[in-house]
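Novice: sequence first, predicted model second:
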Amino acid sequence: MHKLCTSKKIESIGKMTALTQEEVASHTRTVVQGLEALRNEHNSILSGINSTLAASAHHPPDSNVISEKAGILQKSLDQIELGLSEAQIMLALASHLQTVEAEKQKLRAQVRRLCQENAWLRDELASTQQKLQASEQHVAQLEEDKKHLEFMSTIKKYDADVQVSHVYHKM
């Protein structure tokens, strides 16, 4: 019998781990509602027992049994309160985890966008570097052409000076 209960508990835990976070939170909210109803019922019964204890102060034999019931009920009520506290912590944790997950997804999207932007910037940089290199080559070619033209101009001047001096010498 004990092994059967243990295997059912393990099965139950296995099924619980298969639940999504939202399902666990939903089940926890349902449990909280049930525990709150149970707490209210226990408080009501405990009030009735305490009233009975106050009224039966004349009958000491009954008061022992009633006090024992009140003690058991109070322990049960304490456990219900503990369960409620733990459930509230679980719900707060689930909410926090959802917030963290949403933030993580947002950051992943931002990283993807930044990677795309980075790739685009790298392409733009490569294109600009190619244009710069082509412009530098063009400037170098123009400087060479200018030097060549200046040289040719100097030679023409020299040739013209030589011809002028040759004409003066003939005269």
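Specialist: Looks like it came in fine. Residues are numbered from 1 along each chain as shown.
Novice: average pLDDT for stretch 149-159?
Specialist: Summarised as a single mean, pLDDT over stretch 149-159 is 90.
Novice: tell me the buried residues in it?
Specialist: Within stretch 149-159, no residue counts as buried by 16 or more other C-beta atoms under 10 Å. Any C-beta I mention is one placed from the backbone N, CA and C, and that applies to glycine too.
Novice: how about stretch 25-34?
Specialist: Along stretch 25-34, these residues count as buried under the neighbour rule (16+ other C-beta under 10 Å): 25, 28, 32.
Novice: state the distance from residue 117 to residue 108.
Specialist: The spacing between residue 117 and residue 108, counted by C-beta to C-beta, to the nearest Å, is 15 Å.
Novice: please apply the same query to residue 119.
Specialist: Relative to residue 108, residue 119 is positioned 17 Å away (criterion: C-beta to C-beta).
Novice: now residue 94
Specialist: The span separating residue 94 from residue 108 equals 21 Å under the rule C-beta to C-beta.
Novice: next: residue 139.
Specialist: According to C-beta to C-beta, residue 139 and residue 108 sit 46 Å apart.
Novice: helices or strands next to whatever helix or strand residue 102 lives in in the packing?
Specialist: Take DSSP states H and E as the rule and residue 102 turns out to sit in helix 60-170. Other elements packing on helix 60-170 under the criterion 3 or more C-beta pairs under 8 Å, 6 or more residues apart in numbering; DSSP states H and E are helix 21-55.
Novice: what's the angle from the helix it packs on to helix 60-170?
Specialist: Computed with axes from the mean of the first three to the mean of the last three C-alpha atoms, to 10 degrees, the direction of helix 21-55 lies at 150 degrees from that of helix 60-170.
Novice: please consider this matter closed, and thank you.
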